[in-house]
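*Asks:* one predicted model, sequence on top.
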Amino acid sequence: MQLSIIIVNYNVKYFLEQCLFSVQKAIAGIEAEVFVVDNASNDASVEYLQPIFPRIKFIASKTNDGFAKANNKALDKCKGDYVVFLNPDTIVPENCFKNCINFFKQHQDCGALGVQMIDGSGNFLPESKRSFPSLSAAFYKLTGLSLIFPTSKRFNKYALGNLAKDEDFEVDVLAGAFMMLSKDVVEKTKGFDETFFMYGEDIDLSYRVQQAGYKNYYFGKQTIIHFKGESTKRGSLNYVKMFYNAMSIFVKKHYSGSKATFFSSVINVAIWFRAIVSLFQHILNKSGLLLFDALVVFFSMYFTNEFWIHILRSGRTFDGPLTQYSIPIFTGVFILGALLSGIYDSLYKPLKALVASASAVVVLLAFYSLLPENYRFSRGVVVSGGIASGLMVTLMRWVFIRLGWIKDDFDKFKQTVVVGTQADYVQVLQLMQKADIDERLLGRVSVNNGEENIVGNISNLNTLIKTVGINEVIFCEGTLSFAEIIEQIINLHKLHISFRFHSKKSHCIVGSDSKTSTGETLTADGHFALSNPYQQRMKRMLDVWVSLIILVTFPLQFLFINKASNAIKNAWLNIIGKRTWVGYSSFQNTLPLIPSGILTPSGYPNNGKFEVSIAVLKKTDILYAREYDWMQDLKIIINNYRELGA
C-alpha cells in the first residue's frame, strides 16, 4: 500500500462530499486507502456519504473525542508507506499526492510535508508555513505588528512572512489541515498527542518530527483549497478557548523553568484579551448591535445637549416636564425610526446606516412636532443631536467592519455564471431553482471553443467579470479538472468575487467567502428561509420582546396564561437564548439549528405528547423552516398565548 489518507469530519458533510470527490481523482493510479472518522456529527454525515463513496472506510465515533484522538483511531489501521492527515473542508488537485510522494523521494531527510493552502476566495493562508511559538513571535502577533509588517522576518516570524509562498523551504511547523508523513516517522512519533483536543496538535507533532531527526518541509509549488472555519467557527469564544489552551499545553510540554512560566502567563493574558474581543464581536453579530447603537445615540444626544447648554446657552438648562426624560425618549424614537428604515435588514452596510439615520431624524422631528408646546424640548438639540447620532452610528459601522468585528454586507444583487458544460449548467440550475435564487444566474461560460448559447469562454473570464459585473462564479468539476479550477481561483482572486464549487456527481454547491465563518451550501434539499440572517434576527428579536412583555407584566399573566409561573421561566430562557417560543416538533439534524421551542409550528405545546406520526411532524417542521416568516411566529404566539407556560 503506497498511501493512506485520514479525514476527520464533524458536521460538514457537503464540504466533505466535495473533498472526497477530489481525493478520489487524486488517488487514481496510486495504491491508496481513505479513512473518514466521523466525530459524532449530528448532520447524518455517514448516512449521507457512505452510499456515495462505498470504497471509503468510514469510522463512526459515538462521541466527539477531538481531532487528535480521531486521527489516531484510523492511524492504527493504516497500511500505506505514507500517511496524509487531511481536513474535510479541503479540495486537492489531481496531481497533489503524486507530487508529494515524489517530493519525499527527492528529499530523503523529509519526515513531514505541508503544501500551500488558499481559502475559498483564493487568498493565501499564512498558517501553511510557521515557526515554533516564541515570546517575541507571540508579542508581535498579539500587538498586531505581524499584520502591519506581513513580510518582515522579525515582526511576522511566526508565519515566516519573509519566505515566498510559491517556493519550497524547510520550516518548523506544518498545518494539520494537510500534513503528509512517511511510515517511519509515523511509527516513531505515534501520531498526534491526544492531550490536545483541537488545535496545537500539529505544532506538537511537527516538533516531535524534528526531535526524531527528520525535517519538516513546506512544498510551496503545490496548492490546495482549505475553506477554513467549517468545523469550528473561528473567532468564537469556543475557538479562542481551544486555540490558546492548546498553546498553553504545548508550552508546558516542551518548555521548562521560568521561561515556561512566563510564556504561560503571556498566553493567559492573550486568552483574556481575545476572549473580551470575541465576546464583543459575538454580541455585535447578535441582537447586541441594536443595543450598542442605542448607547451611541444616547451619548451623542447627551453630549449635544451639554454642548448646547454650556456653550450656546451660557449654562442655562432647558425647562419642561419631559426634560429629564427627553434624551432616553428621543434615543428610543431614533432607534425605532432607524429600525423601520431597514438599518438591520441588510446588516452592516455603512451607507445604509447613514440613510436609516437620516430617516430616523425625520421620524424624530415628526414625533417632536406632535408634542404639546409645554412638553417640547429644543428643536436645535433634536436636529443637531440626530445628525450627530447618525454620523456616529455610521462611523462605528465603518470602524467595526475595518476591524473585522462585523460582516461587511454590501447587499449586492448576485450576478452568477456557471463555468462548465451544458450538463453541468443544468445541474446547477436545478439546485438554484430549488433554492429560489435562479434569477441571479446569467448563463454559462464554456470550457471548450466553438459552443453556442453561452455568455463567454473560460479563456476570457477575467474580462467578462469586469465588463458584465459578475460577482459570483460557480466552477463545475468534470470537463474542468480540480487543478484547473484552483489555477483559475488563484488568477482571479484579486477581483474580490465569490467562488462556488460543484463536483460532477455531487448533490450540492459549496463555497466560503470568509475564513472566520461557515460557508454557503446549496443542496438538493432546497433552501430554508429560516437560514436567512434577517429571519433569524427577527425571530430572535420577537423572542426577546415577547419575553420582556411577559416579565414586565407578570402579575397580569396569571389571568391569561395557563401555568403562568412556567411562562416566567420560559421568558428568561428565551432571553438568554436557551429556548424559542416557536420551534420544531421533533429533533431534525438537517434543518437550520434553533433552540427547543415552547410551541410547535402547529401551535401545540412542545411537550412530546403528539397524536400524529413522527413522519407528519417532520414534514410540518420542514415546511416551517422552508417557508419561515417571523410574522407567522407572531400569529402562532398570539393564537396560542395561553399555552406559553407549557
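*Replies:* Looks like it came in fine. Note that the coordinates shown come from a computational prediction; the quantities given were computed from them, not determined experimentally.
*Asks:* going forward, measure contacts and count neighbours with C-alpha atoms only.
*Replies:* Noted.
*Asks:* tell me which residues touch Phe169, please.
*Replies:* Each residue near Phe169 by C-alpha atoms under 8 Å, 6 or more residues apart in numbering is listed here: Tyr217, Tyr218, Phe219, Gly220.
*Asks:* in CSV: the residues you listed, plus pLDDT.
*Replies:* Formatted as CSV, the contacts of Phe169 follow (pLDDT from 0 to 100):
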residue, pLDDT
Tyr217, 97
Tyr218, 96
Phe219, 97
Gly220, 95
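*Asks:* can you redo those as TSV with distance to His496, neighbour count and secondary structure?
*Replies:* What follows is the contacts of Phe169, written out as TSV (distance: C-alpha to C-alpha, whole Å; neighbours: other C-alpha atoms under 10 Å; DSSP: H, G, I helix; E, B strand; the rest coil):
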residue	distance to His496	neighbour count	secondary structure
Tyr217	31	25	strand
Tyr218	27	26	strand
Phe219	26	22	strand
Gly220	23	19	strand
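*Asks:* for Met392, state which of the residues you listed is nearest.
*Replies:* Using C-alpha to C-alpha, Gly220 is the member of those that lies nearest Met392, at 45.3 Å.
*Asks:* and the gap between that closest one and Gln415?
*Replies:* Between Gly220 and Gln415 the computed distance is 34 Å (C-alpha to C-alpha, to the nearest Å).
*Asks:* ok, now Val37?
*Replies:* Taking C-alpha to C-alpha, one finds Val37 at 38 Å from Gln415.
*Asks:* of those two, who's got more company?
*Replies:* Taking other C-alpha atoms under 10 Å, Val37 and Gln415 do not tie; Val37 has more neighbours (23 against 17).
*Asks:* that one pairs with what?
*Replies:* Applying DSSP bridges to Val37 gives these bridge partners: Val8, Ile59.
*Asks:* which residues touch it?
*Replies:* Going by C-alpha under 8 Å, 6+ apart, Val37 touches Ile6, Ile7, Val8, Asn9, Phe58, Ile59, Ala60, Ser61, Ala70, Asn71, Lys73, Ala74.
*Asks:* would you map the strands across the stretch 401-550 of the chain?
*Replies:* 416-419, 441-446, 456-457, 472-476, 498-502, 508-511, 520-523 (DSSP state E, counting those that start in this stretch).
*Asks:* can I get the contacts of Phe169 in TSV including distance to His507?
*Replies:* Converted to TSV, the contacts of Phe169 look like this (distance: C-alpha to C-alpha, whole Å):
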residue	distance to His507
Tyr217	36
Tyr218	34
Phe219	32
Gly220	32
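*Asks:* among those residues, which one sits closest to Ser459?
*Replies:* Of all the contacts of Phe169, Ser459 sits closest to Gly220, with 25.7 Å by C-alpha to C-alpha.
*Asks:* wait, the closest one touches Val115, no?
*Replies:* Yes: between Gly220 and Val115 there is a contact under C-alpha atoms under 8 Å: 5.7 Å.
*Asks:* tell me the strands in the stretch 251-400 of the chain, going along the chain?
*Replies:* Counting by DSSP E, counting those that start in this stretch, the stretch 251-400 of the chain contains no strands.
*Asks:* Asn39 and Ile59, how far apart?
*Replies:* Distance, Asn39 to Ile59, using C-alpha to C-alpha: 9 Å.
*Asks:* who's more crowded, these two?
*Replies:* Using other C-alpha under 10 Å, the more surrounded residue of Asn39 and Ile59 is Asn39, with 22 against 16.
*Asks:* so what's the more buried one up against?
*Replies:* Val8, Asn9, Tyr10, Ala60, Ser61, Lys62, Thr63, Asn64, Asp65, Gly66, Ala70.
*Asks:* mind pulling up the phi and psi values for the last one?
*Replies:* Yep, that's Ala70 we're talking about. phi -60, psi -40 (degrees, to the nearest 10).
*Asks:* ok, it - contacts?
*Replies:* Val8, Val37, Asp38, Asn39.
*Asks:* 10 Å instead, please
*Replies:* Residues near Ala70 by C-alpha atoms under 10 Å, 6 or more residues apart in numbering: 6-9, 36-39, 59-61, 64, 192, 194, 197.
*Asks:* and the helices in the stretch 101-250 of the chain?
*Replies:* 135-143, 145-148, 183-189, 201-211, 237-254 (DSSP state H, counting those that start in this stretch).
*Asks:* average pLDDT for the longest one?
*Replies:* Yep, that's helix 237-254 we're talking about. Averaging pLDDT along helix 237-254 gives 58.
*Asks:* burial of Asp629, as a residue count?
*Replies:* 18.
*Asks:* low-confidence ranges, the stretch 351-500 of the chain, go.
*Replies:* Applying pLDDT under 70 to the stretch 351-500 of the chain flags the ranges 351-357, 359-361, 363-364, 374-377, 403-413.
*Asks:* tell me which stretches of it form helices.
*Replies:* 379-403, 422-434, 461-468, 482-492.
*Asks:* of those helices, which approaches Phe97 most closely?
*Replies:* Of all the helices of the stretch 351-500 of the chain, helix 482-492 comes closest under C-alpha to C-alpha, at 12.3 Å.
*Asks:* which helices and strands sit right next to the closest one?
*Replies:* helix 13-26, strand 90-91, strand 110-118, strand 215-226, helix 461-468, strand 472-476, strand 498-502 (3 or more C-alpha pairs under 10 Å, 6 or more residues apart in numbering; DSSP states H and E).
*Asks:* let's have these in TSV, adding distance to Ser585.
*Replies:* Below are the helices and strands packed on helix 482-492 laid out as TSV (distance: least, C-alpha to C-alpha, whole Å):
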stretch	distance to Ser585
helix 13-26	24
strand 90-91	35
strand 110-118	41
strand 215-226	36
helix 461-468	46
strand 472-476	36
strand 498-502	33
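*Asks:* for Ile437, find the nearest of the ones you listed.
*Replies:* strand 472-476 (12.6 Å).
*Asks:* buried residues, the closest one. List them.
*Replies:* For strand 472-476, a neighbour-count test (16 or more other C-alpha atoms under 10 Å) marks Glu472, Val473, Ile474, Phe475, Cys476 as buried.
*Asks:* direction included, what does it pair against?
*Replies:* As assigned by DSSP bridges, strand 472-476 forms pairs with strand 416-419 (parallel), strand 498-502 (parallel).
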